[in-house]
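Enquirer: Could you look at this predicted model? Sequence included:
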Amino acid sequence: MSLQSTVLPIIFLVVLCFLSACTDSESKPEVTKRWKAVSIKNLTFEKEKAYYKILLDTITDKNERLEFFNGSVDSFKRFTKLAFQEQEEMQKMQVDNSFMEFKKNGVAYFTSIDGLDSAKWRQEENEIVLDAEDFTGIPNTVRFGILNLSADEMILRKVDLYDTNIITLNVRKN
């Protein structure tokens with residue numbers, strides 16, 4: 001066996017291993033980063049806003065909803081617009097103050113307007129599974145579907161009974 005016939009397959013294997021290692025890291029971005037929420041879209045709230053937009057455009061003084069507003073269409077419209085405006089402002093405040101950090105040691109930290117919280121986390125296929133039982137003593141598992149994961153953006157879906165939230169996060173820089 002010649003030196004050339006021995007060295008060539010070894011070089012080929014080294015190059016193949018290097019290429020496969022590079023491909024894996026590019027095709028599977030890491031969750032283990034610090035993330036900043038940039039939007040939280042509540043699908044139920046979006047449907048409700050769309051319904052009330054139509055209602056505000058079509059309501060008449062004969063609508064039963066007006067009984068709480070002394071039959072005033074204008075009062076109902078002002079109240080409804082203000083209620084949605086306040087909800088949108090609260091949602092913006094929630095987004096502005098929401099951060100997630102997934103550590104390689106399996107602990108996740110969440111910062112929100114309510115304070116700091118933590119849980120154990122693991123990734124299962126296209127889901128992030130959080131389990132706070134070790135920290136609280138109470139069984140509580142939360143699942144986030146991963147809709148998109150790139151090097152600098154993660155989009156998650158969280159379903160609560162009849163409500164769905166779509167959470168967009170960007171890598172937190174600092």
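Expert: That came in fine, so what should we check first?

Enquirer: Distance check, the nearest residue to residue 154 once chain neighbours are set aside against residue 45.
Expert: Distance criterion CB to CB, 6 or more residues apart in numbering; nearest residue to residue 154, sequence neighbours excluded, is residue 169 at 4.7 Å. All C-beta atoms are positioned from the backbone trio N, CA, C, and that covers glycine. Distance, residue 169 to residue 45, using CB to CB, to the nearest Å: 19 Å.

Enquirer: How about residue 100?
Expert: Applying CB to CB to residue 100 and residue 45 gives a distance of 21 Å.

Enquirer: quick one, which of the two is more surrounded?
Expert: Set side by side, residue 100 and residue 45 show more neighbours around residue 100, with 24 against 16, by other CB atoms under 10 Å.

Enquirer: strands paired with the host helix or strand of the residue nearest to residue 154, and their directions?
Expert: Residue 169 belongs to strand 163-171 when elements are defined using DSSP states H and E. Note on strand 163-171: by DSSP bridges, its sheet partners are strand 34-42 (antiparallel), strand 153-160 (antiparallel).

Enquirer: Run through who's touching the last one.
Expert: The reference is to strand 153-160. Here strand 153-160 makes contact (CB atoms under 8 Å, 6 or more residues apart in numbering) with 31, 35, 128, 142-149, 164-171.

Enquirer: Kindly report the same for the longest one.
Expert: For strand 34-42, the surrounding residues in contact (CB under 8 Å, 6+ apart) are 91, 94-95, 98-102, 154, 163-172, 174.

Enquirer: Please repeat the previous calculation with a cut-off of 6 Å.
Expert: 95, 98-101, 165-170, 172 (CB atoms under 6 Å, 6 or more residues apart in numbering).

Enquirer: Who wins on neighbours among these?
Expert: residue 100 (24 neighbours).

Enquirer: show me what contacts it?
Expert: 35, 110 are the contacts of residue 100 under CB under 6 Å, 6+ apart.

Enquirer: and it, which of the three is it?
Expert: Using DSSP: H, G, I helix; E, B strand; the rest coil, the secondary structure recorded for residue 100 is strand.

Enquirer: separation between residue 99 and residue 78?
Expert: From residue 99 across to residue 78, the span is 36 Å (CB to CB).

Enquirer: so when I look at residue 87, I'm seeing a strand, right?
Expert: No - going by three-state DSSP, the assignment for residue 87 is helix, not a strand.
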